[in-house]
Structures are given as C-alpha cells and as structure tokens.
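Participant: Sequence and predicted structure are below.
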Amino acid sequence: MPAPEQLRLVFRHIDEPGYSADLACYLRNGGYEVLRKSVKRRPEELVDEVKKSGLRGRGGAGFPCGVKWSLLDRRSGKPVYLIVNADESEPGTFKDRYIIHRDPHQLIEAIMITCFANRVERTFIYIRGEFPDGARILEKAIAEARAANFVGPDILGTGYGCEVYIHRGAGAYICGEETGLIESLEGKRPYPRIKPPYFPAVLGLYQCPTIVNNVETLCHVKHIADMGGDAYSRMGTPNNTGTRILCVSGQVRRPGYYEFEVGKLTMGQLLNEVCGGPLPGRTFKAVIPGGSSAKVLKFGERYKGRRKVGADMVEYDWGVEDIPMDFDSLAMVGSMGGSGGVIVMDDSASMVEALGNINAFYSHESCGQCTPCREGSLWMKRITARMVHGDARPGDGALLKSVADQIAGRTICAFGEACAWPTQSFVTKFGDEFKAYPQEKKGADSGAGPELV
Amino acid sequence: MIQPAAKDLITVNIDGRDVAVPKGTNMIEAARRLGIDVPHYCYHSKLTVAGNCRMCLVEMGMPAVDPASKAPVIDPATGRQRINWIARPTIACATNALPGLHIRTTTPMVKDCREGVMEFLLINHPLDCPICDQAGECKLQEQSTGYGRGYSRYIEQKNVKPKRTLLGPRVMLDDERCILCSRCVRFCKEVAKDDVLGFTDRGSYSTLTCYPGRRLENNYSLNTVDICPVGALTSTDFRFKMRVWFLKQTNSIDAGSSVGANTVAWSREGVVYRITPRQNDGVNDTWMADSGRILYKAVRAPGRLDSVRVNGAESALEFAVREAAAILARGGVAVVGSARSSVEEQFLTKKLCGALGASASLVSRVEKGDGLLVSADRNPNVRGALVTGLVAGLPSARLDSLGAQIDSGQVTAVVSIGEDLAAAGLSAAQLARIAIVYLGTHANETSAAARVVIPTLTVFEKSGTFVNQQFRIQRFARAVPGVSGASDDLLVLAGLTAAVGGPRLRADVESLWAQIAAEVPTLGPVSYGSIPDTGLLLDGRPWAGLPFAEGPSLHFDPVAPAPKEAARP
C-alpha cells in the first residue's frame, strides 16, 4: 500500500519559498483571522471545540489537551497561567524549533486563542536555552503582534488583554518536564515537583493553576479553532486525531520532518517510502519511534494482540513496518509516540554503542533530585562507557537491565522512565549483542573479565 | 467502606491493620502509630516534604467502587471491599491520609524498591564508616542492615567530591558522603530563615554548597548536623572526638535562656562530649541553638572553682559552712539568689533567707531574643524563683539598692549564689566593705573578694528542674559527676540553712520535693517523679501581670492566654 500524502497543517508554510517569519507575510497568508474569529466566540465554546477535537499533547505523554484544560482549578480565584513549553530537548525531536524559527506568528496566534479560551491573562513561553535565535525571532514577532494589537492589554478591541513573555531556559533537558519547567520559570533549580500535591492545574506557577502545553499542541489548537473540533477529529484515526509532525533522523536516505494524519501511515511506509529506505547496502535494524526515551523497536520482531477497530476487536500481527504511527498503536507494541522523534538505526549500528550514547545524555541531564534516577542514570552510563572503551564484561547486559529496573516507576518525574526505558528495551531486545560485545571488542581470549557477583 | 473511628479522624489501613489518624497525617507517621517503620532519609517531621530519597516507597490502594453506581465492590473471596492496588509504588511521606486508604509496606515490590534505593545510595558513597563520625547513628548504616545487598555490584570509579568544606565556623561538609536529601537546605530555609545552602551541579555530581559569599554561621547551624542522616555534615566541635556508641545519653535542659530547650548531654567517663536537642513539640520541636551546645564546656573550663576556701585558705566543707554561719550570724545579711539555680535550690535559698531574716534579690540577664529558641531572658529559671516565692517581682540587671544598703552600712554580709556581684554593678570598694559567702562554679571578682568560697555544680553535674517562659517545669538530670572539690548546691544550701538556725532539710531532690509540694501552692499537684520528659505546664496566672522580657518565640507567644493544660497530679 503506498504511503498517504503528507497533510501539512502546522507545517503548511514551513518550507514555502518566500515565506518569512515577519507579520506582514503571516497576514498575507491569512494570519490572525482565526484569532479574530475566536475572540468573538465564548471561551467555553473554544474549550469544547478542543475537547471534541480529541487533540492529544504532542510533547511526549499524549495527554488529551481538552481534559488538561478542564482540570484547571477555577474555584481558587487565583490567576490562571499558560506556559508554552518550547524547551524541545528530546534527542531526535526538531519540530518546535521549525515552528518557532519559520512561523512564529502561528504559535503566537495559537497562544492567544488558547489564552482567550482559558481566560488567561499572562502567558510565558519557556524556550530552550540553546535556541537563542528562536528567542530573538519570538521577541520580534511578539513585538510585531503587540503593535498590531494581537497581543497586549486590549486585543483587537475586545477589551480582553493578555501579555506574552519569553523566558529563555536554563539549558537543561529536565527544564522541559512541566513541573521542573515551572520551578525554573520561578527562578529556582528545575527540580520536578512531587505529584501529588503539585499538579500544575491546581498548584502550578507561583502556586496558581497553570496549563503547560507543547508548541506543536498549541498550533493544533489554532487549526481546531479554525475548522472546528468535529472536522479536526475526522482527521487521523479515532482517539488519535489530527496530524502530527514526525522528525526522522538517523540512518535513512531522507531524514527530515514530515507531517501526516495520525495513524494513517505505518512505520514501514514512513521509513521505506517517505524517507527513501535504508542507506545503500544496508538494512534497518532498529527504530526508536518517539524520541530517545521511547523503547526501541527491533526489525524482525512480531507484535501480536487484539485491538479495537471501530466497534470490533480485531487480531493484529505486526512487524515493525506495519505499526501505524499513532499514540495507541505505538503504546500497544510497548513503546510510545512520544515527541515524534523517529530515530533509525541500520545494521551498521552497534546497539551497545548507541545505548552508550543515550545513557551519556541521560546521565548528564538527570537533575539529581531523587535517588534512583540520579545514581542509576550515571551508573548505567558508566557501565556502557566502560563497555565501549574496552572493558566490557559478559554480565554487563544483565546488570544494566537490573539497574534500569530499579529506576523505572520509582522516581519523582517521568525522567526515571525516560532514562530506564532505553536500557531496558535495548538489553531485552538485543541481549545477544550485549553478550557478544566483550568478545567482539576485545577478541576471543581477553573478553571475559572477572565475573560480576 | 470502613467507618471513621472518631470525629476528625480518618481510618487508614496499613499492612492489614486499621489505624485512625488525624486528617493530613502522612503515611510514615500513620505507620509509626502502629509501630511499623517506614524507612526514609529525606523526610523529617518538622520540615516540608521533599520526597527525593525514594526510600519510603510503599504500595498504595483504594477501596474499589463501581464507577457507575459508586457502590463498593465486594471481593467474594473475603467478603470485604476489594482494594484497587496501584501498580506503581508511592512515597509514603507525601501520601496523606484519605478515608479508606490502604498501604502495604512488606510486599516484595516494596522490599525491592528499598533495596534498589539502598544500592543506589551506596554506589557513590565512600563507605568510610571506620573514620566517619556518623557511624553508629547513621541512617545509611541502619537501613543497610535491613535492605543492603551485603556486597557491591558497582565496579566503576566512585564520584570524587570535596571532602572537607568548612561551610561555617561550626559545620564541616564531606560532600562525598552526602546523599542529597536536602534536609539541611530545607532547615536553613524554613526554620533558621537563613537560606544559605543549596546544590550546585547536577545529577550525581550535585554538590551541597553555601551561597557565594555567604557562610552557614547562623546560631542554628548545628541542627543541620543533627538532621543529616549520614556523615556529610559534622560538627567541628565534635568530629573525631568520640565514638557515639560509647556515649551515655542524659536528658538535660538548655540553660542558655528561658526557652528551656530540651537537650541530651552525651557523656563518657565523666566527660560531656556534646549536647544535642531532644524532641519536645511544645518547646523546641527537634531544634536547639548552637549557643546552647557549647555550654557543656563550662564543666571543664579554666577558672572552675575546685576547692572550698575560707579567707583564701583551703578548707573542709563543714568548716567553711560553720565559718559562713558565723559571719552571717552577725546580722546585716543580704542574699543574692540566682535565676540560674534550679527550682529546688531556689526553694532552699528561700529557706536560708527565712532563717537569716534576709530578703533575696536576683540578677536579670536580658538581651535581644532571636524569636526562635533564644529568648530575651537569658536566665533559665526566673519563673522558678517566682513560683517558689524566692522573689515576688522580676529582677533587675543591677544590684543598685543592695549597693546603697552596703554604702549605708545596713548590709555587712552577702551570700551570693553563683552571681558575680561586680558584674551586677557593685564596685570593688563596696565588695571590700562586706563579708561575702560565695557559692558558685567559676572564679570571678566576687569569689576573689569572698571570705568563704564553696564550689558548686554546673547543670550537667546535678539534677533538678527549671521553669521556662511558658511556666513549663522541666527536669534535667546529672550527666557527669561533679568535679573534685565541688559540692552539690542543695547540700551546701541545706547545710548553711541548718547552720544559721533554720530547719534541717534533706538535701536530695526527691525528699525535698515532698516539702516543696507541701509548701509551694503552684507545685502542690506536682511530684518530681511525675514530671514527664517533656515537662509539665504550671498555672502561671498569678504572675500574668508581670512585665516579662520575652518576645514571641517558637511555641511561645507572650500575649496569648495561658494554655489550658495546667498542672495535674
């Protein structure tokens, strides 16, 4: 079956020749019309549209956006904040930066619609510290939008006012975790908060109810406000509505960003047709479907089970190539859609070395607040680093798995899973490679170091 | 659904046992009520919950209800409501009581969690217990007996961090031992209100540090040493001095101010090595001031009086008492008692005054309070003197009226109980005009000028009671024997009273208390043995009108009405 055409909703103008980040260009392309329409509606209607749309968060967890908004504690009487999570740091993910760099006004319009819908009067864009250009572009765009009365104390003459502030991040992965982000925005170390009691919807920024949404998620809100929740929900597949941007990187012919209706495309179509297949003379070995923290999928594996299609339960028997690229299917095969960063490895890649790379990242980025992640991530990194640097031992795979098992599910934030899942899945699925690695690395005689107790 | 046990109480179930706890109780405290220990490092009952050590992970469940009808789902096997157990473990410290909440602390999953955390905490820990001051009172050591592996799977290089960072004058940090529980950080921020500590770097390289240009030098800095679960923070005064398991613990009271913080004196073979706070939720929680921790040094300070002297010559106690009685018998006597004496000593001082027909005056020590655990009144027992009737009003800082009486020749002899008359405003000339009988612990101008000097005991060498600013009577006990040559204050006072023709009184605390209870109305319902370790609130209303010096401090508000809980037999 041939791959469907891309459906570029959020990324419509990203690669358009002559399209620039300034306001005039955005207005020429119909910009801020949705905001004009939206501020004439009742805020509740907009929230209902988002609920109807079934939009799920594009940042990683895939939490339904409308549900997140409805969890806001309105009874406290405190101000409600919106935080735009532009701290895109998941390795393999590079969608938000394109929105920010190439089409910032789309984001600002989306933010203003969201703020209007949720009666937010102050919003913060927390942008990754390593995006200095993005921050400048957004600053300029906000200034333009303010001058044109799309942002500010009296938006489009409605009397509704909302300010947007840019906050440059502190240069740490954990600043993208929503409660860590809130702490960082408050000027503290980005230690994720314990939940309960610090759910952002109740006790978020400055202990006020707060929405934290990803950049791409918000951009979808603009399109939902434009076309209506029902129309949006007809895109994609049930419970996995709309489009999503997939960022493909690694050992494929045409890596890049692609926007498709969610679930209408399989992994095989994405890699073989859209991305042009493996590099010459190579075959695919593994793929991480949702950013480096997602569990790896191994080519040649079969995934069997029953799933709901319409009203019926249908048996499925998938290879990696057959997996639809949607939240639920990827969860069913034991991984996740995550942030949409698809990382491809072919048969030239050593899984031990790939894991070493991932572990180095996560140990560097662990905030150090809670014990399992702080100590476990560094330990795993040291094991893989030792293996890669010539002192691999036969028991290392099992040890890695055991360390990872002691982290996942026991930490304050989801970083515990993020750093444990790669190790768990790599060792489980490529155990032979971990067993053979000492021999491969050091030759037949010297491979066996002292047995670990 | 389990019915609540009583109003405002919530019934939770821990390891199959129901317990009723007040709303807001966390699961560590709830389990403690059942005698179930939930191991933890970062949790401290007097600090905010951080939830970072992950040692207290437990399994949590809630009674199942049918989503549609909200009716309880009954498990046919047991006939009880089914419990929906959550697959992920939950930290007990941040889990507050909810009606019907169930937790399990003994399941394989919980054990596995604890063992995992234990292993993680130890991989970068130096394991230098043989040279670590915390050994013997180290939570890592304690928990590793229950959850440690007994061997290490860690063959990598351990983290290297600073080993000897002086955070302040009294606190030394060994960063390698630190398990980053953040108790010290939270203490400084929340209790001491001196937010100087924090972490730099990240991940396992995180390092406890002082804010640049600041030091941990507030008067509560040593509490961080107490609450440090490991040997990362050590006291510069105590480190490398003594193994804690050799030390004997004796309940004592901080005599540094009228707060009367509850303390423990740690001693071995007659030497006090350190003072640490003892929990009293009505007085000092689990804290005490650094200034109170060095008071033990008075026991062996230079200038400690160690021989009875009459006119400068060493003498026997009996002879000195007779000699003092002879001096006092000539009349014109004034007694300078002490608000640092115990209630029992003040009672005997009053007896002595009665026998001599003299009135007693005290010396006040009012400085600025810190609003926490050092009150404005640095005398620990002014209220004891009021309760026993030694004095009727508050003392003043200077003995000016006594000076006038000396100048007029009205007073020719003074008994001073540990007070330096020169420091209290009497001139050298005035001291030279009178005959002084001095009972005290340390040499000063008064002891130098005294005709009779009888060395007595410090608070660590005797037992007794103080009445703090809340009118809470609190006991302290003898931690070490008195130094050679010093006599028990009670013995000396009783002897002196008898020698000047007063009643013969027993000089031990227990027998004295029978008399105190009989004669002092406020202490009527109290007996020495019935005073709990955390003290007993007395009825302070008779003195409510006095202009006491103390401002608000932890658990004390001078303008608040006296607590209802008055002395009970």
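Facilitator: Great, that's in hand.

Participant: hey, C-alpha coordinates of stretch B:348-363 in PDB?
Facilitator: Output of stretch B:348-363 as PDB, limited to C-alpha atoms (Å, rounded to 0.1, in the frame of the first residue of the first chain):
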ATOM      1  CA  LEU B 348      16.400  26.200  99.700                       C
ATOM      2  CA  THR B 349      17.600  29.700  99.100                       C
ATOM      3  CA  LYS B 350      14.300  30.900 100.300                       C
ATOM      4  CA  LYS B 351      14.600  28.800 103.400                       C
ATOM      5  CA  LEU B 352      18.000  30.300 104.000                       C
ATOM      6  CA  CYS B 353      16.600  33.800 103.600                       C
ATOM      7  CA  GLY B 354      13.900  32.900 106.100                       C
ATOM      8  CA  ALA B 355      16.400  31.600 108.600                       C
ATOM      9  CA  LEU B 356      18.500  34.700 108.200                       C
ATOM     10  CA  GLY B 357      15.600  37.100 108.100                       C
ATOM     11  CA  ALA B 358      17.100  38.500 104.900                       C
ATOM     12  CA  SER B 359      15.500  39.200 101.600                       C
ATOM     13  CA  ALA B 360      16.700  37.800  98.400                       C
ATOM     14  CA  SER B 361      17.400  39.700  95.200                       C
ATOM     15  CA  LEU B 362      18.200  38.200  91.800                       C
ATOM     16  CA  VAL B 363      20.200  39.500  88.800                       C
END
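
Participant: How far does that stretch sit from its chain's centre?
Facilitator: 30 Å (Cα atoms, centre = their mean, to the nearest Å).

Participant: buried stuff in stretch A:326-336?
Facilitator: A:326-330, A:332-336 (16 or more other Cβ atoms under 10 Å in any protein chain shown). All C-beta spots, glycine's among them, are computed from the backbone N, C-alpha and C.

Participant: then that stretch to CSV, C-alphas only?
Facilitator: The C-alpha trace of stretch A:326-336 is given here as CSV (Å, rounded to 0.1, in the frame of the first residue of the first chain):
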residue,chain,number,x,y,z
ASP,A,326,-0.2,6.8,16.3
PHE,A,327,-0.2,7.1,20.1
ASP,A,328,-2.2,4.0,20.8
SER,A,329,-0.6,1.6,18.4
LEU,A,330,2.9,2.5,19.5
ALA,A,331,1.8,2.0,23.1
MET,A,332,0.4,-1.4,22.2
VAL,A,333,3.7,-2.5,20.9
GLY,A,334,5.4,-1.5,24.1
SER,A,335,6.8,1.9,23.1
MET,A,336,5.3,5.3,22.6
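
Participant: Make CSV from the buried residues of stretch A:326-336 and add pLDDT and secondary structure to it.
Facilitator: Formatted as CSV, the buried residues of stretch A:326-336 follow (pLDDT from 0 to 100; DSSP: H, G, I helix; E, B strand; the rest coil):
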residue, pLDDT, secondary structure
A:326, 94, coil
A:327, 94, helix
A:328, 94, helix
A:329, 94, helix
A:330, 95, helix
A:332, 94, helix
A:333, 94, coil
A:334, 94, coil
A:335, 95, coil
A:336, 94, coil
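
Participant: From the residues you listed, pick the one nearest residue A:163.
Facilitator: residue A:327 (33.3 Å; Cβ to Cβ).

Participant: residues contacting the closest one?
Facilitator: A:56, A:62, A:239-240, A:262, A:336-337 (Cβ atoms under 8 Å, 6 or more residues apart in numbering or on different chains).

Participant: Swap in 7 Å and give it another go.
Facilitator: A:56, A:62, A:240, A:337 (Cβ atoms under 7 Å, 6 or more residues apart in numbering or on different chains).

Participant: what's the spacing between the spatially most central residue of chain A and chain B?
Facilitator: Nearest to the mean C-alpha position of chain A, counting by Cα atoms, centre = their mean, stands residue A:339 at 2.1 Å. The spacing between residue A:339 and chain B, counted by Cβ to the nearest Cβ, to the nearest Å, is 22 Å.

Participant: buried set for stretch A:280-290?
Facilitator: Neighbour counts over stretch A:280-290 (16+ other Cβ under 10 Å) mark A:282, A:284-290 as buried.

Participant: isn't there a helix covering the residue nearest to the centre of chain A?
Facilitator: No - Residue A:339: not assigned to a helix; according to DSSP: H, G, I helix; E, B strand; the rest coil it is coil.

Participant: Span of stretch B:123-134 from start to end?
Facilitator: 18 Å (Cα to Cα, to the nearest Å).
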